[in-house]
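J.: Next one to model:
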Amino acid sequence: MMNRFWLAFSIAGLALGLSPPLLAEACLDCHTEKTPNQVADWFNSKHRLKNVGCADCHGTEHKDATDAAKAEKPTPATCASKGCHEKRVDEYRKGKHALGWVSMNAMPTIHWQPMAAIKGQKGCGGCHKIGEKSAADLKKLIEEGSVYGHAACDSCHTRHSFSVKEAKQPQACQTCHMGFDHPQWEMYSASKHGVRALLRQNGVLPETAIAPTCQDCHMQNGNHEVRTPWGFLAVRLPLSEDPEWKADQVTILQALGVLDLQGKPTARLDAVKAADIARLTKEDFDRERDKLVSACSKCHAEKFALGELEKGDQMVREADKLLAEAIRIIAGLYKDGVLKKPDTYAQPFPDLLTFHDAPTPIEQTLFVMHLEHRMRMFQGTFHMNPDYALWYGWSEMKRDLAEIKEEAQRLRREHEEKKSKKG
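T.: Next comes the predicted model:
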């Protein structure tokens, strides 16, 4: 018998003109007892108003508590089916979020991490699950016992309400875009943009107040591609025409493993292309830069916007100078036999993509310099947060470089002492 909780929903639904077949779905009669909060979220959703029911997303094979495993796991393809959200899913598939799962698995030592952090989504996988998975990967995940995280849309439009209003709030980005290597939330929320957005949410500023959100800059007109000019690691092609900056860029790309000693592309560059981590042509970079100029120009003069973005480019240049010097110091230790180069490294450079799996303290310092402090320097700049750009970014990189220089000198002294004893 239909319980009273669902009966109240049904009466309200009939009053709104919902069709009886939807209201009579047997699964809802059960789930108002078993998972009432999910039903409540669905009831408050536009799906309910459009007569989109459980079976539209989960199929019809699941009948009762004994066959719950037969309930289909929604994917972006589910949201695109039946002509519902095909345009938005198509945009998503062209952007970086769709490649989140691919880019995570492309990292050379990702398989060294606990699987609870990856497939179990208690680490990198918890955010990178937003990426679309191949049919084979999805099948394997389900066979291995994975129950959640197969969809992507629900990373921002939380199930089962799937609210557009929720996904438009800057907090929708907060869970993933924060922390060690990408603290965009901390930078943005403390910037003037973020402060005004919060004041507008709190009602201190009127709804008409200028208060840019993440979506205003990175998802203009609701476009779900979500791509940036400099990409995640602030590397790009073609290289700078400035000879000093170009040399630093080459060093960094060699340490990322995408250029060899002769400056030629390696096989790893194909992985970077596949994961859309960087802009690899001037046209690609300019297209994304023009989008940002357009966003900035809604509040500022175009000349001002161009000037601020150019300052950001120069901050990337300064960060590259510090990082490249540190890379060359460690590469020199490899070359002189002072430090053993791991056999897994394809080139006589520290591998920046090994992250926390770097084998020695000096290489660990380089990892932090690259993925924490350099990221803060350039991302803090573009997110209009001077304190992050300077004190959490450039200043920390200077300290990292000082530590690397001192540790390199110590290692060289020890190496010479060992040679002397043997001689």
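J.: Report the separation between the nearest residue to residue 154 once chain neighbours are set aside and residue 393.
T.: In space, residue 154 comes closest to residue 162 once its chain neighbours are excluded; the distance is 7.0 Å by Cβ to Cβ, 6 or more residues apart in numbering. For every residue, glycine as well, the C-beta is placed using N, CA and C. Using Cβ to Cβ, to the nearest Å, one gets 37 Å for the distance from residue 162 to residue 393.
J.: Could you check which of the two is surrounded by more residues?
T.: Each of residue 162 and residue 393 has its neighbours counted (other Cβ atoms under 10 Å); residue 393 has more, 27 against 21.
J.: thinking again about what came up before, report the contact partners of the residue nearest to residue 154.
T.: Listed by Cβ atoms under 8 Å, 6 or more residues apart in numbering, the contact set of residue 162 reads 45-47, 153-154.
J.: Recalculate using a threshold of 10 Å.
T.: 41-42, 45-47, 52, 57, 79, 85, 153-154, 156 (Cβ atoms under 10 Å, 6 or more residues apart in numbering).
J.: Same question for residue 172.
T.: 155-158, 163, 165-166, 213-215.
J.: What of residue 204?
T.: Counted by Cβ under 10 Å, 6+ apart, residue 204 has contacts 196, 198.
J.: returning to what we had before: and the residue nearest to residue 154, how close does it get to residue 57?
T.: Taking Cβ to Cβ as the criterion, residue 162 is separated from residue 57 by 10 Å.
J.: Which neighbours do those two have in common?
T.: 42, 47, 79.
J.: Show only the entries of these found in strands.
T.: Within those, membership in strands is found for no residue, as judged by DSSP state E.
J.: quick check, nearest of those residues to residue 223?
T.: residue 79 (16.0 Å; Cβ to Cβ).
J.: For the closest one, give me its contacts.
T.: Here residue 79 is in contact with 57, 85-86, 88-89, 92, 151-154, 157, 162 (criterion: Cβ under 10 Å, 6+ apart).
J.: what's the spacing between the closest residue to residue 167 other than its chain neighbours and residue 326?
T.: Nearest non-adjacent residue to residue 167, counting by Cβ to Cβ, 6+ apart: residue 156, 4.3 Å away. Note on residue 156: its distance to residue 326, by Cβ to Cβ, is 36 Å.
J.: Redo the contacts of residue 162 as a markdown table? Include distance to residue 125 and pLDDT.
T.: A markdown table is the format used below for these (distance: Cβ to Cβ, whole Å; pLDDT from 0 to 100):
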| residue | distance to residue 125 | pLDDT |
| --- | --- | --- |
| 41 | 24 | 93 |
| 42 | 26 | 91 |
| 45 | 27 | 92 |
| 46 | 29 | 93 |
| 47 | 27 | 92 |
| 52 | 29 | 89 |
| 57 | 22 | 90 |
| 79 | 21 | 93 |
| 85 | 24 | 95 |
| 153 | 17 | 93 |
| 154 | 15 | 92 |
| 156 | 17 | 95 |
